[in-house]
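S.K.: coords below, sequence missing:
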């Protein structure tokens with residue numbers, strides 16, 4: 001039986017593919033552009049679009065468990081094809097499904113929760129990979145410019161999201177669970193920049209911006225106003241679930257969650273001048 005990963009070329013999807021391969025199971029990866037997937041050779045890469053269910057019948061054939069995303073397309077909008085996706089999964093005999101919570105209302109997630117499938121909802125907090133947004137200013141100017149520098153985050157390593165998903169897809173006991181997935185520590189921006197500085201062997205300055213300065217910086221980067229308003233909201237007052245450590249990684253995978261220091265060491269080259 002095959003394990004299907006949708007959104008397989010995304011930050012989380014790639015990690016789920018990798019963690020499933022480590023478990024020694026056959027993996028089928030769904031992407032809209034197979035030619036650009038750049039996945040391991042032993043992964044079966046297939047083309048298809050979750051927004052176009054007619055393109056997916058072959059992708060679900062012979063699948064035992066599937067990972068679904070709830071947002072898609074160039075605009076990363078909520079997918080409206082939940083009923084069709086669940087029908088395809090049920091027709092193919094899929095037993096287990098994980099759903100990546102997208103941070104807001106999701107028609108796909110709602111339909112999956114109401115289905116007879118053994119579903120698990122993955123609710124990761126801030127990804128450690130978000131720190132890659134600082135790679136260029138750290139490489140070129142040795143600094144990070146951000147507002148609300150005292151904000152807290154229990155940010156999670158993407159590989160731990162993949163490991164929790166792989167466990168839920170391959171093992172029993174996870175049906176009907178909502179897993180809030182975090183790292184092992186609550187970090188400030190100072191803690192993050194200090195970890196990056198240690199990993200790359202060079203200091204990083206943290207420059208605090210006012211809200212107006214931050215809005216101007218984000219506009220200059222081309223962010224839409226809706227995204228800017230969202231960032232201000234969550235950075236000014238991070239929701240409790242975003243700054244509260246859970247034991248999900250340890251409980252589900254049997255090993256401790258990876259630290260931001262480990263992540264920074266793995267990605268030190270991105271923050272280092274050539």
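M.R.: Nice, thanks for sending it over. Keep in mind the model is a prediction, meaning the values are calculated, not measured.
S.K.: what does stretch 105-122 rub up against?
M.R.: Here stretch 105-122 makes contact (Cβ atoms under 8 Å, 6 or more residues apart in numbering) with 50, 68-71, 78-83, 85-86, 89-90, 94-102, 161, 164-165, 168, 174-179, 181. From N, CA and C alone the C-beta is placed, and that goes for glycine too.
S.K.: ignore what I typed, I meant stretch 86-104.
M.R.: With Cβ under 8 Å, 6+ apart as the contact definition, stretch 86-104 has outside contacts at 4, 7, 12, 16, 53, 56-57, 60-71, 78, 106, 108-109, 111-112, 115-124, 165, 168-169, 174-175.
S.K.: only whichever of these are buried, select them in ChimeraX.
M.R.: To isolate the buried ones among the contacts of stretch 86-104 in ChimeraX, judged by 16 or more other Cβ atoms under 10 Å, type:
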select :4,7,12,16,53,56,60,63,64,65,66,67,68,69,70,71,78,106,108,109,111,112,115,117,118,119,120,121,122,123,124,165,168,169,174
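S.K.: state the next helix or strand along the chain beyond the worst-scoring helix or strand of the chain on mean pLDDT.
M.R.: In the chain, no helix or strand scores lower on mean pLDDT, DSSP states H and E than strand 71-72, which sits at a mean of 82. The element immediately downstream of strand 71-72 (helix or strand, assigned by DSSP states H and E) is strand 77-78.
S.K.: strand partners (parallel or antiparallel) of that next one?
M.R.: Next to strand 77-78 in the sheet, as set by DSSP bridges, lie strand 71-72 (antiparallel).
S.K.: distance from the strand it pairs with to the middle of the chain?
M.R.: In terms of Cα atoms, centre = their mean, to the nearest Å, the centre of strand 71-72 is found 12 Å from the chain centre.
S.K.: what's the answer for stretch 9-28, then?
M.R.: The chain centre lies 13 Å from the centre of stretch 9-28; the measure is Cα atoms, centre = their mean.
S.K.: please apply the same query to stretch 127-134.
M.R.: When distances are taken as Cα atoms, centre = their mean, stretch 127-134 is centred 11 Å away from the chain's centroid.
S.K.: repeat for stretch 53-68
M.R.: 21 Å.
S.K.: per-residue confidence averaged over that stretch?
M.R.: For stretch 53-68, the mean per-residue pLDDT is 96.
S.K.: what's in contact with it?
M.R.: Residues outside stretch 53-68 that contact it (Cβ under 8 Å, 6+ apart): 1-7, 13, 16, 28, 30, 46-50, 81, 84-85, 88-89, 91-100, 108, 112, 165, 169-170.
S.K.: mind checking which of the residues you listed are in helices?
M.R.: 13, 16, 84-85, 88-89, 91-92, 108, 112, 165, 169-170 (DSSP state H).
S.K.: what segments of the stretch 151-274 of the chain are strands?
M.R.: All strands of the stretch 151-274 of the chain, identified by DSSP state E, counting those that start in this stretch, fall at 177-181, 205-209.
S.K.: how about the ones you listed in TSV, adding distance to residue 265 and mean pLDDT?
M.R.: Shown next, in TSV, are the strands of the stretch 151-274 of the chain (distance: least, Cβ to Cβ, whole Å; pLDDT from 0 to 100):
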stretch	distance to residue 265	mean pLDDT
strand 177-181	21	98
strand 205-209	19	97
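S.K.: ok, now which ones touch residue 243?
M.R.: 152-154, 186.
S.K.: if I look at residue 260, how far off is residue 194?
M.R.: According to Cβ to Cβ, to the nearest Å, residue 260 stands 10 Å off from residue 194.
S.K.: out of these two, which sits in the busier spot?
M.R.: Remark: of residue 260 and residue 194, residue 260 carries more neighbours, 23 against 18, as counted by other Cβ atoms under 10 Å.
S.K.: just the local confidence number for that one, please.
M.R.: The predicted local confidence for residue 260 is 98.
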